[in-house]
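Q: I would like the atomic coordinates for the input below:
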Amino acid sequence: MSSSSPSRLSLRQSVAMVWRTLRSMRTALILLLMLAAASVVGSLIPQIPNSPERAAQFLDTHPLLGEFYRRAGLFDVFGSWWFTLITVLLFVSLVACLVPRTRAAWRSLRARPIQAREIDAFRHYEEREVGLAPADAIEVARRTLRRRRFRVARDPERPSLAAEKGALRETGSLMFHWAFILLLVGVVYGKGTGYSGFALVVEGDTWIDAQANYDGQIRTGRFFDGEFTGIGVHLNEFESAFRETGQPMDFVSRVDLLAPDGTPIRPQDIRVNHPAKIEGITIYQSSFGWAPVIRIADGDRVLFDDAVPFSRQEAPEGVPDLAMPWRGVVKLPTLRPQVAIDLELWPDSRAFFEQLQTGEPVAMLVSYEPLMRYVVYEGKLTDPSPVSLDVRSMDETANGIVFAGTEADLATGKLLEDGDTPEGPTLGFTDLKQYSVFQVAKDRGVPIVLVAAILILVGLLPALYSSRRKVWVRAEPSEGGSLLQVGGFALQRKAQFEEEFARLVDALARAEGAGSDDTEREEVGTR
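A: Purely as a prediction, here's the structure:
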């Protein structure tokens, strides 16, 4: 007894089977759901291109799970090979589904309405006695249907015609699906050839659109050519307004936009939801903060003199964010031993003293006699980050408070008055500025996405609110003239077509000269 092994599919048969699978709309829907699920995962798990710090923290906190995420590409979902594969397959599947449908719709638009053999078997059917001859009755019916925007074709062999309406539904559906593909193309093209990053600009400073000025906070597309615009943004002033409750009213950055050679182009106010657009890039108002100007000197030698952007401390549960001080770090790695100064800024000193007295947090809505608390550490700097400080290998040597416009002795922690001689380096709080964080994005796909979105809406309306309807009219000779027979059906929205069909029969009867009341109307049936 011989056993036969199952025959293997040839390469051509395998390719044909895969192609048939991709041409299924079910496959396109499954791929679309997979793409949506991957996008959700990308929004829940920290992504290395957007937030490398959070991704590294996740790896440290959950080493086993984090390593699995790393190997699976979940820390860079939108750049992973499997996300690219799903996207390509979705494109292929949608195109494979739409091309045959588009051809069929085109052939249907060009073809004449098809005559029917037996129209009294349709769901909707009525008969009317009219006083015209059969040929004249059909001609009047043709004109009536044409006025109602039906496509009409007469039967050359007998007094009958076929009409149809609602081809716009299929056209709208195809437009919707093709526009969806165009939308995907616009997104892929825009994100693939553009870039997006964040720029921190202190009042009085100028920022230039160049890769080095993003400080690593930039994400470029896979097909980005590396060409930045060189456009400059000079921040003249940042203004913020709050209600007494702490609710923000307005954030505005007043900037001058500069050409790559430094020539002023125009002044502009950048607000939330009111970005600046120039040379293909869009500049959004993202966030803001305080940047005190700090001067550290040792006698006549200036060790540090610059504005330091501070970040707001995270508020505990139940405490408003505006009540929290701002934190910054100044590091002096050239000194021996190395020195680091941990700084805490209170833009409104009234809030600081009120919290000391009552223990209740107070929102800081404006800048009023700002002060800074500081702690000086000496030892070995092990944390290279300019915004964080690891003091495990350092010792605290001094602490104190310094007000705006004053200096403090870092050796003793005391405020210096006129004529005082410091025992060590001095810390000066010379000015308090604000900074703006702008999100800068270049996306060439925005016009394509806009056109696609408009086409989606235009195609969606007829696809939702119209339907395919077909009507047949025949005229048979009778004693008084002709017996007008009308049949029809709708492919969609069948309940609405029942009323439309009754109105259409009445309109045909009136046009033929017959009455439209119930005594003159013989309804054979609506099946």
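
Q: State the phi and psi torsions of the residue nearest the centre of the chain.
A: With distances taken as Cα atoms, centre = their mean, the chain has Val187 as the residue nearest its mean C-alpha position (9.4 Å). Main-chain dihedrals, Val187, degrees, to the nearest 10: phi -70, psi -50.

Q: What residues does it make contact with?
A: Gly445, Val449 (Cβ atoms under 8 Å, 6 or more residues apart in numbering). Glycine gets a C-beta too; all of them are placed from N, C-alpha and C.

Q: got it, and the one 3 residues further on?
A: Remark: with contacts taken as Cβ under 8 Å, 6+ apart, Gly190 is in contact with Asp443, Arg444, Gly445, Val446, Ile448, Val449.

Q: In which helix or strand does it reside?
A: Assigned by DSSP states H and E, Gly190 belongs to helix 167-193.

Q: Can you give me the buried ones in that helix?
A: For helix 167-193, the neighbour count (16 or more other Cβ atoms under 10 Å) marks 168-180, 182-184, 186-191, 193 as buried.

Q: With stretch 355-367 instead?
A: Of the residues in stretch 355-367, those buried (16+ other Cβ under 10 Å) are Pro361, Val362, Ala363, Met364, Leu365.

Q: And stretch 108-126, by the same measure?
A: Pro113, Gln115, Ala116, Ile119, Phe122, His124, Tyr125, Glu126.

Q: same question, stretch 215-232
A: Gln217, Ile218, Arg219, Thr220, Gly221, Phe228, Thr229, Ile231, Gly232.

Q: rewinding a little: mind checking which of the contacts of Gly190 are buried?
A: Asp443, Gly445, Val446, Ile448, Val449.

Q: Can you verify Leu132 is assigned to a helix?
A: No. Assigned with DSSP: H, G, I helix; E, B strand; the rest coil, Leu132 falls outside any helix and is coil.

Q: ok, back up a step: quick one: which of the buried residues of stretch 355-367 is nearest Phe238?
A: Proximity of the buried residues of stretch 355-367 to Phe238 (Cβ to Cβ) peaks at Leu365, which lies at 14.8 Å.

Q: sec struct for that closest one, please.
A: coil.

Q: which ones are touching it?
A: Phe242, Glu244, Gly246, Leu322, Asp348.

Q: Helices of the stretch 201-350 of the chain, residue ranges please.
A: Shown for the stretch 201-350 of the chain, the helices assigned by DSSP state H, counting those that start in this stretch span residues 349-358.

Q: just the stretch 51-200 of the chain next, same as before
A: In the stretch 51-200 of the chain, the segments counted as helices under DSSP H, counting those that start in this stretch are 52-61, 63-71, 81-110, 134-147, 167-193.

Q: where are the low-confidence patches of the stretch 51-200 of the chain?
A: Regions of the stretch 51-200 of the chain meeting the criterion pLDDT under 70 are absent.

Q: can you do 80?
A: Low-confidence segments of the stretch 51-200 of the chain (pLDDT under 80): 51-53, 79.

Q: Which residue ranges of the stretch 401-527 of the chain form helices?
A: Under the criterion DSSP H, counting those that start in this stretch, the stretch 401-527 of the chain carries helices at the ranges 446-465, 494-512.

Q: These into CSV, with extra columns for distance to Leu432 and mean pLDDT?
A: Listed next are these as CSV, based on distance: least, Cβ to Cβ, whole Å; pLDDT from 0 to 100:
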stretch, distance to Leu432, mean pLDDT
helix 446-465, 38, 89
helix 494-512, 68, 87
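
Q: Among those helices, single out whichever gets nearest to Arg20.
A: Counting by Cβ to Cβ, and looking across all of these, nearest comes helix 446-465 at 26.1 Å.

Q: So what's the gap between that closest one and the chain middle?
A: Here helix 446-465 is found 16 Å from its chain centre; the criterion is Cα atoms, centre = their mean, to the nearest Å.

Q: Also stretch 263-278?
A: Taking mean C-alpha positions (Cα atoms, centre = their mean), stretch 263-278 and its chain are 21 Å apart.

Q: List the buried residues for that stretch?
A: Result for stretch 263-278 [16+ other Cβ under 10 Å]: buried residues Gln268, Ile270, Pro275, Ala276, Ile278.

Q: Straight-line length of that stretch, end to end?
A: Its start and end residues considered, stretch 263-278 measures 14 Å (Cα to Cα, to the nearest Å).

Q: Over to stretch 343-360?
A: 22 Å.

Q: again with stretch 13-29
A: 24 Å.

Q: What are the contacting residues of that stretch?
A: Outside stretch 13-29, the residues touching it (Cβ under 8 Å, 6+ apart) are Leu9, Leu89, Leu90, Val92, Ser93, Leu94, Ala96, Cys97, Pro100.

Q: Including neighbour count, could those residues go into a markdown table?
A: As requested, these are exported to a markdown table (neighbours: other Cβ atoms under 10 Å):
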| residue | neighbour count |
| --- | --- |
| Leu9 | 11 |
| Leu89 | 17 |
| Leu90 | 21 |
| Val92 | 17 |
| Ser93 | 22 |
| Leu94 | 21 |
| Ala96 | 18 |
| Cys97 | 18 |
| Pro100 | 10 |
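
Q: From those residues, pick the one nearest Gly459.
A: Taking Cβ to Cβ as the measure, Gly459 lies nearest Leu94 of the contacts of stretch 13-29, at 14.2 Å.

Q: Hmm, that closest one is touching Phe180, no?
A: Yes. The pair Leu94 and Phe180 qualifies as a contact (Cβ atoms under 8 Å) at a distance of 7.3 Å.

Q: Quick check: neighbours shared by the two?
A: With contacts defined as Cβ under 8 Å, 6+ apart, no residue is shared by Leu94 and Phe180.

Q: So of the buried residues of stretch 215-232, which two are at opposite extremes in space?
A: Gly221 and Gly232 (23.2 Å).

Q: mind listing what Tyr214 touches?
A: Gly197, Phe198, Ala199, Val440.

Q: Kindly state the pLDDT recorded for it?
A: The model reports Tyr214 with a pLDDT of 87.

Q: about what we covered before: tabulate the buried residues of stretch 108-126 (a markdown table), appending distance to Pro264.
A: Below are the buried residues of stretch 108-126 laid out as a markdown table (distance: Cβ to Cβ, whole Å):
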| residue | distance to Pro264 |
| --- | --- |
| Pro113 | 66 |
| Gln115 | 74 |
| Ala116 | 74 |
| Ile119 | 77 |
| Phe122 | 74 |
| His124 | 72 |
| Tyr125 | 77 |
| Glu126 | 77 |
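
Q: which of those residues lies closest to Gly459?
A: Pro113 (23.7 Å).

Q: any idea what sits nearest that closest one, other than its immediate chain neighbours?
A: Nearest non-adjacent residue to Pro113, counting by Cβ to Cβ, 6 or more residues apart in numbering: Ala162, 3.9 Å away.

Q: what's the spacing between the one you found and Asp342?
A: According to Cβ to Cβ, to the nearest Å, Ala162 stands 86 Å off from Asp342.

Q: Tell me the pLDDT of Thr245.
A: The model reports Thr245 with a pLDDT of 68.

Q: State the mean pLDDT of the host helix or strand of Arg12.
A: Assigned by DSSP H and E, Arg12 falls within helix 11-22. Averaged over helix 11-22, pLDDT sits at 79.

Q: Stretch 407-421 too?
A: 87.

Q: how far is it from where the chain is centred?
A: 53 Å.

Q: Enumerate the positions of the helix holding Arg12 that are buried.
A: Leu22.

Q: the inter-axis angle of it versus helix 81-110?
A: 80 degrees (axes from the mean of the first three to the mean of the last three Cα atoms, to 10 degrees).

Q: Downstream of helix 11-22, the next helix or strand is which one?
A: helix 25-44.
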